[in-house]
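> After the sequence you'll find the predicted model.
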Amino acid sequence: MEIAYIPSPSRGVIHLGPIPLRGYAFCIIIGVFVAVWLGNKRWIARGGRAGTVADIAVWAVPFGLLGGRLYHVITDYELYFSEGRDWVDAFKVWEGGLGIWGAIALGAVGAWIGCRRRGIPLPAYADAIAPGIALAQAIGRWGNWFNQELYGKPTDLPWALHITSSTDGRVPGYYHPTFLYESLWCIGVALLVIWADRRFKLGHGRAFALYVAAYCTGRGWIEYMRIDDAHHILGLRLNVWTAIVVFLLAVTYIVLSARKRPGREEVVEPGADVSDGEVEEGEKADGDKKAESEVESAEVTDETKTEAETESAKKT
């Protein structure tokens, strides 16, 4: 008897006249806005200017989307270039298929370009946006729910995901909602990074590395539950191996960075430590001091002149 389950949407797209509104795309867009919003708050708190995170995101987001799609297409090339497939589908991002590993890697290149143009250290920027990226992933995973994809093994748990579509080899039934598991895990990662950053004053990219390590830990066991087709190496899915390697690299970076560059950056954005109001007050104070100095000089001159006239009168 069916007691409870998570229903799947009957469709992942709504047409507003000739314009298709896709749930997957909405999840990605909302995630980006949340990441920029939280990143901006954290950047300002660390001494940066408002708006800098959004300016750099203009570079990072397109690079990230391109990297995510390239990783997916390369690792699942048979979905687009094997016999009976249409290679044009490789460009249909709205149908799903973004690899987080490629998105982070190429997104970092875009962020580096943006940071370089603004004279900002990339590690400091990465630390500020790390929790926001985790939340963006948490929101973005619901796009898989709209597309009825990337679910886990069959289960009779009350939170099982009910798959109703039979396209692309799907078998209707009840499965582990791995999209939900990863979404909740990413929320936990965001909270962990925020807490650790406040508690230990993480700097020089260590908050971002903590996010990477924590995400990889969850992605490993969640990936192991999935049943969609994937390449395997020594019995493990490719993404599991990727999670292991990236986890080790992130932990190594945290250890080495803490030894070589302990503490946190004192200045994250040149010239952002003094606000416009403070500058005006400083200029006003300098002007007041200059006026006082001129008055004092005039008084000294008058006193000196008076003394000289008195001495001259005595001699006369």
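Now that the structure is in, tell me what you want to look at. Numbers count the residues shown, from 1 in each chain.
> Distance of the nearest residue to Trp185 once chain neighbours are set aside relative to Val246?
Nearest residue to Trp185, sequence neighbours excluded (Cβ to Cβ, 6 or more residues apart in numbering): Gly218, at 3.8 Å. Where C-beta positions appear, they are placed from N, C-alpha and C, glycine not excepted. Note on Gly218: its distance to Val246, by Cβ to Cβ, to the nearest Å, is 12 Å.
> ok, these two, which is more surrounded?
Val246 (20 against 17; other Cβ atoms under 10 Å).
> what sits against that one?
Residues near Val246 by Cβ atoms under 8 Å, 6 or more residues apart in numbering: 101, 212, 216.
> Measure how buried the last one is and give me the count.
I take that to be Cys216. Applying other Cβ under 10 Å, we find 24 residues neighbouring Cys216.
> Give me the three-state assignment for it.
Reducing the assignment to helix, strand or coil with DSSP: H, G, I helix; E, B strand; the rest coil, the entry for Cys216 is helix.
> Nearest spatial neighbour of it, chain-adjacent residues omitted?
Leaving out its chain neighbours, Cys216 is closest to Phe247 (Cβ to Cβ, 6+ apart), at 3.8 Å.
> what about that neighbour, distance to Leu122?
Noted for Phe247: a distance of 21 Å to Leu122, by Cβ to Cβ.
> beta partners of Ile14?
Leu21 (DSSP bridges).
> middle-most residue in this protein, spatially?
Centroid check for the chain by Cα atoms, centre = their mean gives Ile133 as the closest residue, at 3.0 Å.
> ok, the residue lying closest to that residue once chain neighbours are set aside - how many residues close by?
With Cβ to Cβ, 6+ apart as the criterion, Ile133 has its nearest non-adjacent residue at 5.5 Å, and that residue is Ala35. When neighbours are defined as other Cβ under 10 Å, Ala35 has 26 of them.
> tell me the contacts of Ala35?
Residues counted as contacts of Ala35 (Cβ under 8 Å, 6+ apart) are 57, 129, 132-133, 135-136.
> Could I get the average pLDDT for the helix or strand containing it?
With elements taken from DSSP states H and E, the one containing Ala35 is helix 23-45. Mean per-residue pLDDT for helix 23-45: 95.
> which parts of the helix or strand containing Tyr224 are buried?
The secondary structure element spanning Tyr224 is helix 206-225 (assigned by DSSP H and E). For helix 206-225, a neighbour-count test (16 or more other Cβ atoms under 10 Å) marks 206-220, 222-223 as buried.
> quick one: Ala134 from Ala207, how far?
Look at Ala134 and Ala207: by Cβ to Cβ, they are 11 Å apart.
> Need the residues touching each of the two.
Common neighbours of Ala134 and Ala207, counting by Cβ under 8 Å, 6+ apart, are Val193.
> that older thread, my guess is the residue nearest to the centre of the chain meets Tyr211, correct?
Yes - here Ile133 lies in contact with Tyr211, judged by Cβ atoms under 8 Å, at a distance of 6.8 Å.
> which residues of the stretch 51-200 of the chain fall in strands?
161-163, 173-175 (DSSP state E, counting those that start in this stretch).
> which residues are in contact with stretch 158-175?
With contacts defined as Cβ under 8 Å, 6+ apart, stretch 158-175 is touched by 3-8, 10, 145, 148, 151-156, 176-177, 179-180, 227.
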